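> How does the following fold in three dimensions:
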Amino acid sequence: MFDKVVIVTRETQLEQLVRQFSTKGQAKFYIEQSQRSFREKAQRERGSVADTQSPAAVSLPFRSIEEADTLYKQSLRYVQGVIPPEIKVQHIDWTFLPNFLFGEHDLVVAIGQDGLVVNIAKYLTDQPIVAVNPDPSRFDGVLLPFTAHTAGTRMRDILRGEFNTAPISIAQASLDDGQVLFGVNDIFIGPRSHISFRCSIEFRGEEEQQSSSGIIVSTGCGSTGWFKSIIEGARRISSGYDELGPAEKSSRFSWDSDYLYFTVREPFGSRVSGTGITFGKITGDDPLTITSHMADRGVIFSDGMEQDFLEFNSGRIATISLAERKARLVTG
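The predicted structure follows:
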């Protein structure tokens, strides 16, 4: 039935950190020292005498990263081990997908999060995908019907062609010069950076000029992803806004107000991420604290100036509050 099995994986968070810091020890030191420094600083400011040197408290997040890496590699080894030796196997990282040529008779095995399946599917024609959830305790697995074990028990049957498939719709964006882009979850039309996206939009005989942060086109598959977070974010923000008092109900508040508002754009709920904190008022007594879990590419910038930014990667913690000073605008 199949000439070859192509296994597609992506780096774990631990592998990303090791790539960034050269060694596992340096990555561990960076994360633990960042956590320790912030906790000691916060407790000094509060006048707390709580123990900040607890190895368990400091090391737990990195241990979790290590455990996830171990489970992922165990799943990969297990799947590799159940493929019959007479079948050719090719293992590639997902970053090679845009330039990889899949054969007509390839069976594709994806080991990772739901997003990996989406990344693969857009580059296939009719090749089936066996999607493996390496860690059901962390990943929802909407697009991951197999664990490593269940994939292993079914592998020989699948290789003989004894399997069912579920069709997934794909979106398509076509340009007037003939270029085409496909999207399995969604297609984003908008700015690469955090600036306004200006365009003309036409739909059902009506046309208008628009300025927005972009347009998101969602498929049925994507309805459990970005689309879900758009709807959930709008619902939560609307709910929080409705709870404000009459004096706060206006979307406009004074320039010198002693508070800020935060909104979480398109939050996504899963087994390890919630949607309960999406809107709130930041005051002098109630700052907002954010801890980065980004191995890389995390940034903080303001006022649309992306060139002037703070790196915000794993272990870094940001506190959002009112500044002590105020700007002075000359009005006359």
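> going forward, measure contacts and count neighbours with C-alpha atoms only.
Noted.
> For the stretch 51-200 of the chain, which segments are assigned as strands?
For the stretch 51-200 of the chain, the strands defined by DSSP state E, counting those that start in this stretch cover 88-93, 106-111, 129-133, 146-147, 171-174, 180-183, 186-189, 197-203.
> Residue 34 is nearest to which of the ones you listed?
Proximity to residue 34 (CA to CA) singles out strand 88-93 among the strands of the stretch 51-200 of the chain, at 30.2 Å.
> from the chain's centre, how far out does the closest one sit?
Strand 88-93 has its C-alpha centroid displaced from the chain centroid by 25 Å (CA atoms, centre = their mean, to the nearest Å).
> Give me the helices and strands touching it, please.
In terms of contacts (3 or more CA pairs under 8 Å, 6 or more residues apart in numbering; DSSP states H and E), strand 88-93 is packed against strand 4-9.
> now the next helix or strand after the strand it packs on: mean pLDDT?
Using DSSP states H and E, the helix or strand that follows strand 4-9 in sequence is helix 13-21. Average pLDDT, helix 13-21: 89.
> Stretch 224-233 now?
What stretch 224-233 shows for mean pLDDT is 84.
> Convert it to CSV, retaining C-alpha atoms only.
Extracted C-alpha coordinates of stretch 224-233, given in CSV (Å, rounded to 0.1, in the frame of the first residue of the first chain):
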residue,chain,number,x,y,z
THR,A,224,-11.3,24.6,17.4
GLY,A,225,-8.2,26.8,17.2
TRP,A,226,-7.9,30.5,16.3
PHE,A,227,-11.6,30.9,15.6
LYS,A,228,-12.4,29.5,19.0
SER,A,229,-10.1,31.9,20.7
ILE,A,230,-11.6,34.9,18.7
ILE,A,231,-15.1,34.0,19.9
GLU,A,232,-14.0,33.2,23.4
GLY,A,233,-12.0,36.4,23.7
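> any residues touching that stretch, and which ones?
Under the criterion CA atoms under 8 Å, 6 or more residues apart in numbering, residues 142, 185-186, 218, 264-269, 275, 278 lie in contact with stretch 224-233.
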